[in-house]
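Trainee: Attaching a predicted model along with its sequence, questions to come.
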Amino acid sequence: MMACPSSGKEAGGDTPVLSWSGLDYDVKTRDGVRRILHGISGSVWAGELVAIMGSSGAGKTTLLNVLSGRVQGGRLHGDIRFMGARRDPHSFKRMLAFVEQDDMMYPSLTVEETLRASAQLRLPDAKYSRAEKEARVEEAMRQLRLSHVRDTAIGGHAARGVSGGERKRVSIGAALVTDPALLVLDEPSSGLDSSSAEMVVALTRQMAHRRNLCTLMTIHQPSAEMVALFDKLILLAQGKLVYMGPAAQALPYFEGLGHPLVGPNPASFFIDLTTIDFTSSEATHKSEARVQALVDSFATLRQDAAQPEHSAGSSIAADSGAANRAGSDITREAADLALLEPTAPNSWLCEMLVLLRRDWTMTTRNRAFISGLTALYMAMMVFASFVFFQLKRDQQSVQNRIGALFMLVLLAAYPVTMPIITVVMAGRPVLRRERSGGMYRMSAYFAARALSFYPIVFVPYVAMFSGIYFVSHMQYDAARFFVALGALSVLLFSSVGFAFAMAFISDRIEVVLSVAPVILAIFMLFSGNISNARAITPVLRWIRFVCTFFYSYAALVQNEFDGLVLLCGPGEAACYATGRDVLAALGFDRLPVRVCVAANLALGAGFYVIAYGLLRWAAKPRYLWL
Ligand SMILES: Nc1ncnc2c1ncn2[C@@H]1O[C@H](COP(=O)(O)OP(=O)(O)OP(=O)(O)O)[C@@H](O)[C@H]1O
């Protein structure tokens, strides 16, 4: 009988952090139900660094997701315990930190800002003072060797930032500052060169040992040096367990089964040993038989180890203890975990302020957005000032006043909507990750994100509006100036809400950027400028009442033309004597200005409500039942 590998149990007391037994996981495919995990059992302890290895399609990611409560569908059978008890969705999600394969972080934030936001949002204020949170951030940066890049931006496709290895370490740091009991990493070495990958694993090992933190990761093709860093290996083949035990004892174990190490890298050897060879039917048959024999040997070893006379001092004894637990259908538990949106640890206002600071930093660093919008508005101010320079009270001025007001309406929508849609959509993957980790309430995110845009949009617009208003000689009257400004400010507010609503109608930016201008074009059509409001067919006439352009434009033309006395030149047979005549001809003599502004405010609020609903829906976790 082969000796059982010794345990990592000593590191973390008598109860494993996570233990699982008899896990079967089925999913629905076109060909029917497919079993992806077959009777997997095991346990991991505090202070252990555990690697899940296997060839492509062996089930590594699936096992990791099942254990972390992240599967989004399927049927799960077996038993999973966290700290010896059934996983309570709330506390399990609080104690678990998951580092995804893709490092989804905001590119314009620095390393320190990213970690600080994570600590401020995830650590409860009731338990951690501000200074303690800062200390955690400092410690994480020091331990992950990030102090020298603390002020460097994360970077992304558009702008260079920290290196790939540093970015991965920031992702790990953002998880670590939340003080988890279980750290789970999905392929942390993917996309990294071998030295960066090794450094990530070495630092993760240090964290696990220093903090007595249970760390579980999937890894594809680690180097021999990396394999030596793991405390424990879980080796899967075709969703079945081939080995689970101390990493150092894996080679002797396989050698004992008649498979001595071939080549310099044990990881490649393990993968080759457990991979089905599809090059010919004979090779397939042979490799399937070898894998099945390995699976059977390990199952037998465990069964033997579970017998009292064999179990003393053995890690497999601990694992087979888990294997002996009776399993049941735990699909409900898996679904509850996947669907749960953990309650945020801090008050709404604290969260909103942290998010507002973060969003404001990102928005102000978006130079293209700020300078683009400001330059555009300033250019339009100069351009329109030439076109509408010092309008008189003659009949030609009627068309010019109407044109200037309509242009102001359009400028409060198009240049605002498109960039905001792009910025909000670019942040959606980070939003989804942060939401699944329960970092904050969606309402706090929504309020902070919208607030961070207002100054950037309002300041240059108001400057442009003021310039055009005075240069074009609209009615010089303080009350009229502020009424016009108020009506347009409400439209700007609505435009931001509209942009948010659009940003969540689809995942695809090309879809959104096609739909949004079309809706704005419909708004234009029903604004009352392009077509006469009264002349529109009754079937469609109602549309203007849900059209922000209509109310803004109606408010502006009434404000401008009311009380205006116009001059009739000699020889002008048909002419407007007063602004009221113009309003009557245009069909804008029915709704008072205050009603138009109030209606637009209500429509704007409606956009925000729709946007918030879509935001919740778009980022909502889902579970597909078999
Ligand atoms: N929801 C699903 N529906 C259908 N098949 C699935 C589903 N999830 C996983 N699978 C299949 O289960 C097998 C294991 O997938 P998994 O992603 O866990 O493998 P892996 O070991 O992580 O592979 P890789 O290293 O290539 O990422 C694969 O064959 C995969 O196609």
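Mentor: Cool, the structure landed.

Trainee: Flag every residue of this protein that's near the ligand.
Mentor: 27, 29, 36, 54, 56-62, 220 (C-beta under 6 Å from any ligand atom). Placement of C-beta: from N, CA and C, glycine included.

Trainee: out of those, what pair is the most spread apart?
Mentor: T29 and H220 (23.5 Å; C-beta to C-beta).

Trainee: Beyond the least confident helix or strand in the chain by mean pLDDT, next helix or strand please.
Mentor: Lowest on mean pLDDT, DSSP states H and E among the helices and strands of the chain sits helix 315-323, with a mean of 52. Next helix or strand after helix 315-323 toward the C-terminus (DSSP states H and E): strand 328-329.

Trainee: In whatever helix or strand comes next after that next one, which residues are buried?
Mentor: Using DSSP H and E, the helix or strand that follows strand 328-329 towards the C-terminus is helix 331-339. Neighbour counts over helix 331-339 (16 or more other C-beta atoms under 10 Å) mark 331, 333-338 as buried.

Trainee: In the helix or strand that helix 331-339 is followed by, which residues are buried?
Mentor: Next helix or strand after helix 331-339 toward the C-terminus (DSSP H and E): helix 348-365. Residues 350-352, 354-363, 365 are the ones in helix 348-365 that count as buried (16+ other C-beta under 10 Å).

Trainee: got it, and stretch 98-116?
Mentor: Quick answer for stretch 98-116 (16+ other C-beta under 10 Å): 98-101, 103, 105-116.

Trainee: Quick one: mean pLDDT over it.
Mentor: Averaged over stretch 98-116, pLDDT sits at 94.

Trainee: Not counting residues beside it along the chain, what's closest to H77?
Mentor: Spatial nearest neighbour of H77, excluding adjacent residues (C-beta to C-beta, 6 or more residues apart in numbering): D24 at 4.4 Å.

Trainee: Beyond the longest helix seen in the chain, next helix or strand please.
Mentor: Under DSSP state H, the helix in the chain containing the largest number of residues is helix 442-471. Downstream of helix 442-471, the first helix or strand assigned by DSSP H and E is helix 478-503.

Trainee: what angle do that next one and helix 442-471 make?
Mentor: For helix 478-503 against helix 442-471, the angle by axes from the mean of the first three to the mean of the last three C-alpha atoms, to 10 degrees is 140 degrees.

Trainee: C-terminal to helix 478-503, what's the next element?
Mentor: Remark: after helix 478-503, the chain's next helix or strand is helix 509-525, criterion DSSP H and E.

Trainee: Show me the contact partners of that following helix.
Mentor: For helix 509-525, the surrounding residues in contact (C-beta atoms under 8 Å, 6 or more residues apart in numbering) are 410, 413-414, 417-418, 421-422, 425, 498-499, 502-503, 505-506, 530-531, 543, 547-550.

Trainee: ok, now with 7 Å
Mentor: If you take C-beta atoms under 7 Å, 6 or more residues apart in numbering as the criterion, helix 509-525 is touched by 413-414, 417, 421-422, 425, 502-503, 505-506, 530-531, 547-549.

Trainee: give the contact list for whatever residue of the stretch 351-500 of the chain ends up closest to the ligand.
Mentor: Closest to the ligand within the stretch 351-500 of the chain is S436: 17.1 Å, counting by C-beta to the nearest ligand atom. Under the criterion of C-beta under 7 Å, 6+ apart, the contact list for S436 reads P621.

Trainee: Would you list the phi and psi of the spatially closest residue to L37 that is not a sequence neighbour?
Mentor: Excluding the flanking residues, the one nearest L37 by C-beta to C-beta, 6+ apart is Y25, at 4.0 Å. Dihedral angles of Y25 (phi, psi; degrees, to the nearest 10) stand at phi -130, psi 120.

Trainee: G438 versus Y25, what's the distance?
Mentor: 24 Å (C-beta to C-beta, to the nearest Å).

Trainee: The two: which is more packed in?
Mentor: Y25 (24 against 18; other C-beta atoms under 10 Å).

Trainee: The more buried one reaches G78, doesn't it?
Mentor: No. Using C-beta atoms under 7 Å as the test, Y25 is too far from G78 to be in contact (8.2 Å).

Trainee: Checking R590 next. Helix, strand or coil?
Mentor: Recorded secondary structure, R590: coil (DSSP: H, G, I helix; E, B strand; the rest coil).

Trainee: before we move on, what about Y612?
Mentor: Reduced to three states by three-state DSSP, Y612 is helix.

Trainee: Provide the contact partners of the helix or strand hosting P419 at residue level.
Mentor: P419 is located in helix 414-426, with elements delineated by DSSP H and E. Identification of contacts with helix 414-426 by C-beta under 7 Å, 6+ apart yields 366, 369, 373, 376, 449, 453, 457, 492, 495-496, 498-500, 502-503, 509, 512-513, 516, 520.

Trainee: do the same with stretch 160-171
Mentor: Under C-beta under 7 Å, 6+ apart, the answer for stretch 160-171 is 99, 103, 105, 107, 111, 114-115, 144, 146, 149, 152-155, 188, 191-192, 196, 199-200, 203.

Trainee: Count residues in the vicinity of whatever residue of the stretch 501-626 of the chain ends up closest to the ligand, would you?
Mentor: Nearest residue of the stretch 501-626 of the chain to the ligand (C-beta to the nearest ligand atom) works out as L624 at 8.1 Å. Neighbour count for L624, taken as other C-beta under 10 Å: 12.

Trainee: Distance check, it against D507.
Mentor: The value you get for L624 to D507, if C-beta to C-beta is used, is 18 Å.

Trainee: was I right about E572 contacting V398?
Mentor: No. Under the criterion of C-beta under 7 Å, E572 makes no contact with V398, lying 11.5 Å away.
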